[in-house]
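# predicted structure and sequence below. I'll ask about it afterward.
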Amino acid sequence: MYKWISLATSADLAQLPNHITSEYNPGKVAKTLSLGISDAVKGVLIEYNYIDKDYRSTYYNFYSKKGQYYRSDCVRLHFFDQTVTFDDATSALVCPDRELNDHYFGYMVLRPTGIATIARSVLSPDIRKGAGRFIITAAHKVHLLGYKLVIQGFPSMDQHVDISVCAHAACWSILRHYSERYNVHREYLVHEITMMAHDYNPGGLVPSKGLQIAHAERVFQEAGTFPIHIARTALPGTQDPQFYRQLIAYVESGFPLFAAMHSRRHAVALVGYEWRQAVRGQPGLRYAWDEVETLAVVDDNYLPYLSILRSSGSPYAAEAIDAFIVALPEKIYYPADAVDRLAPALLKLGPAIDLPPSNDIIIRYFITTGSSYRHFAREHASEFDPKLLQYIMTLPYAQFIWVVEFSTDEQWANGRIEARAVIDATASLREPMPLWLFHGREGALIFDRKKIGQTIAGMGGLKLANIGHAGFTRMDRNLRPTQTK
């Protein structure tokens, strides 16, 4: 059964309790939605008797065994813009331009647990009030009334409180993203993740008593990823710049992070960021982390894509993060802290490619694939000397590479860069020069990975023709830009 609710503004979601029974706690859900989503949402389709696999995993293994009665079915809410209406007689969604997918903002499942009822949800960042500028997303398929819809978003849910807590919800969100984004990862249900945190069945309410970061690391190991646990080394209240430089590098690489805030006894999934307004004329070497304004988190207490300030003087800020786990694929052996040490050392090679002085440089680094880098270079072929472009296309990259970009203040403000280095992500920590390529606008050094420390183009490198542009385009491909509705 289906029911359509038309909205003038998001405040009209107060109608939900008239259509959904109390075990789904529709009043609280309506309040959460009205505060968190934009008025671009003009219609909500309520799908009753929905069978949700994540809720069923906890129902059969936990709720059905309790003395209190729990329903086994869920309600699912679907969000649309003003273009879409619903024909009750034919149970059809009516869209004049027939491009229904362009007017769909995602879904939210409600489970009948009375409290913490927001279950598996995928919402578009475009309708989230205050969402960050760049968000890690994947394409999630939705089957509804014979339609096949796709929503770009990051999965989220409230913790169950009894069978799972915030850390379980963060692990689930990250692993569900991986299963949708990468074919090599299978889907893990909520109850499976609760069990994966321990090497035995904890039974009863033990899961709700907390989950330590070591348990979360075990979850990612059991799921077939290769987690790295990175902790802040500075004392509470002090800075550890390298820790946060690594954090933003992995987020920019498209890897959501399991982030722990010990002061809040809380865990979230880190899924995006927003740059601050460019500040010019600041002397000294800077990094991408210095240019971050906010981070975007999936917090089980809020709707997804909550923006938290880098530093606000309050406990809930990016600088309250004490540790994080990044669940990496197998073929990344060269970690972010090694890149953090190597990147400024590359400035010593600056004269060979006419790099500006280091006191006017912003360093940014992230992981991508060799194929994605080639695709990016092909899209911007007019920016490259043909000789350099040929090397970019023919160098035998590994599947994963680190890209290091060097920008001046002015270039950063305009989305441009002065130089780029490509590092082998499969390199050993003992390699003195794990590079494939280091180039600017005037020159390039091409490295032969078969002959460690030697260049194909000779000691002087490759002299490039001046194309006449103000810098190469900054590479922003791993995250989705938010388009506020």
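Sure, I can see it.

# the helices in this structure, which residues?
Under the criterion DSSP state H, helices of the chain are mapped to 26-36, 53-61, 166-181, 190-196, 213-222, 241-252, 336-345, 350-353, 370-379, 386-394, 409-413.

# need those in a markdown table (columns: mean neighbour count and mean pLDDT).
All C-beta atoms are positioned from the backbone trio N, CA, C, and that covers glycine. Below are the helices of the chain laid out as a markdown table (neighbours: other CB atoms under 10 Å; pLDDT from 0 to 100):
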| stretch | mean neighbour count | mean pLDDT |
| --- | --- | --- |
| helix 26-36 | 18 | 96 |
| helix 53-61 | 19 | 93 |
| helix 166-181 | 25 | 94 |
| helix 190-196 | 23 | 88 |
| helix 213-222 | 19 | 91 |
| helix 241-252 | 22 | 96 |
| helix 336-345 | 18 | 96 |
| helix 350-353 | 18 | 87 |
| helix 370-379 | 16 | 96 |
| helix 386-394 | 15 | 93 |
| helix 409-413 | 19 | 91 |
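
# can you list those helices in a markdown table and add distance to M108?
Shown next, in a markdown table, are the helices of the chain (distance: least, CB to CB, whole Å):
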| stretch | distance to M108 |
| --- | --- |
| helix 26-36 | 8 |
| helix 53-61 | 13 |
| helix 166-181 | 14 |
| helix 190-196 | 16 |
| helix 213-222 | 24 |
| helix 241-252 | 25 |
| helix 336-345 | 34 |
| helix 350-353 | 51 |
| helix 370-379 | 32 |
| helix 386-394 | 43 |
| helix 409-413 | 38 |
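
# and those: which comes nearest G313?
Among these, helix 241-252 comes nearest to G313, with 16.7 Å by CB to CB.

# hey, C-alpha coordinates of the closest one in CSV?
Listed next in CSV are the C-alpha coordinates belonging to helix 241-252 (Å, rounded to 0.1, in the frame of the first residue of the first chain):
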residue,chain,number,x,y,z
PRO,A,241,49.0,18.7,12.1
GLN,A,242,50.3,15.5,10.5
PHE,A,243,47.3,13.6,11.9
TYR,A,244,44.8,15.9,10.3
ARG,A,245,46.8,16.1,7.0
GLN,A,246,46.5,12.4,6.8
LEU,A,247,42.8,12.5,7.6
ILE,A,248,41.9,14.9,4.9
ALA,A,249,44.1,13.1,2.4
TYR,A,250,42.2,9.8,2.8
VAL,A,251,38.9,11.6,2.7
GLU,A,252,39.9,13.4,-0.5
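
# residues making contact with it?
The contact list for helix 241-252, computed with CB atoms under 8 Å, 6 or more residues apart in numbering, reads 136, 230-234, 257, 259, 270-273, 287-289, 292, 295, 318-319, 321, 324, 326, 335-337, 339-340, 364-367, 478-479.

# out of those, which are buried?
136, 230, 232, 257, 259, 270-273, 287-289, 292, 295, 318-319, 321, 324, 326, 335-337, 339-340, 364-367, 478-479 (16 or more other CB atoms under 10 Å).

# among the residues you listed, which are in strands?
For those, the ones inside strands are 230, 257, 259, 270-273, 287, 292, 295, 324, 326, 364-367, with DSSP state E as the criterion.

# for these, which one is nearest D240?
Distance to D240 across those (CB to CB) is lowest for I230, with 10.1 Å.

# residues contacting that closest one?
Taking CB under 8 Å, 6+ apart, one finds F243, Q246, L247, A323, F324, I325, V326, A336, D337 in contact with I230.

# measure the first one to A259 for me?
In other words, F243. 11 Å (CB to CB, to the nearest Å).

# where in the chain is pLDDT low?
Low-confidence segments of the chain (pLDDT under 70): 200-210, 235-238, 280-281, 451-460.

# show me how the record splits it into domains.
Split into domains by automatic domain parsing, the chain comes to 1-129, 131-137+159-330, 336-481.

# just checking the distance from the first one to the centre of its chain.
When distances are taken as CA atoms, centre = their mean, to the nearest Å, domain 1-129 is centred 24 Å away from the chain's centroid.

# likewise for stretch 401-409?
For stretch 401-409, the distance to the chain centre is 20 Å (CA atoms, centre = their mean).

# hmm, who's touching that stretch?
Contacts with stretch 401-409, where a contact means CB under 8 Å, 6+ apart, come from 278-282, 334, 339, 342-343, 346-347, 355-356, 360-370, 373, 416-425, 436, 471, 474-475.

# let's see that with 6 Å instead.
280, 339, 343, 356, 360-362, 364-368, 370, 417-423, 425 (CB atoms under 6 Å, 6 or more residues apart in numbering).

# quick check: E442 touching D354?
Yes - counting by CB atoms under 6 Å, E442 does reach D354; the two are 3.9 Å apart.

# mind giving me a markdown table with the domains of the chain and columns for distance to H143?
Shown next, in a markdown table, are the domains of the chain (distance: least, CB to CB, whole Å):
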| stretch | distance to H143 |
| --- | --- |
| domain 1-129 | 11 |
| domain 131-137+159-330 | 14 |
| domain 336-481 | 23 |
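
# hang on, isn't L285 packed against P357?
No - using CB under 6 Å, L285 makes no contact with P357, being 9.7 Å away.

# those two: who's more crowded?
Neighbour comparison, L285 and P357: the larger count goes to L285, with 15 against 10 (by other CB atoms under 10 Å).

# and that one, what does it touch?
L285 touches S358, I361, counting by CB under 6 Å, 6+ apart.

# now do 10 Å
Contacts of L285 were listed using CB atoms under 10 Å, 6 or more residues apart in numbering, and they are A343, P344, L347, P357, S358, N359, D360, I361, I362, I363.

# S307 touches A296, doesn't it?
Yes - counting by CB atoms under 10 Å, S307 does reach A296; the two are 5.7 Å apart.

# shared neighbours of those two, which are they?
Contacts common to S307 and A296, judged by CB under 10 Å, 6+ apart, are R128, G130, A131, G132, R133, G272, Y273, E274.

# what subset of these is buried?
Applying 16+ other CB under 10 Å to the shared contacts of S307 and A296, the neighbour count classes R128, A131, G132, R133, G272, Y273, E274 as buried.

# OK, contacts around the residue lying closest to the fifth one once chain neighbours are set aside?
The spatially closest residue to G272, leaving aside those adjacent along the chain, is A296, at 3.3 Å (CB to CB, 6 or more residues apart in numbering). Neighbour list for A296: 125, 128, 130-136, 154, 251, 268-274, 304-308, 479, 482 [criterion: CB under 10 Å, 6+ apart].

# list the contacts for I325?
For I325, the contacting residues are 170-171, 174, 213-214, 216-217, 219-220, 225, 227-231, 250, 257-260, 267, by CB under 10 Å, 6+ apart.

# how many neighbours does the closest residue to it other than its chain neighbours have?
Nearest non-adjacent residue to I325, counting by CB to CB, 6+ apart: F258, 4.2 Å away. For F258, the count of nearby residues is 25 (other CB under 10 Å).

# F384 reaches L462, doesn't it?
No - F384 lies out of contact with L462 (CB under 10 Å); the separation is 11.5 Å.

# tell me, what's touching these two both at once?
Shared contacts of F384 and L462, counting by CB under 10 Å, 6+ apart, come down to Y391, H439, A444.

# same list (those) but as JSON lines, adding distance to K65.
Putting those into JSON lines (distance: CB to CB, whole Å) gives the following:
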{"residue": "Y391", "distance to K65": "63"}
{"residue": "H439", "distance to K65": "62"}
{"residue": "A444", "distance to K65": "65"}
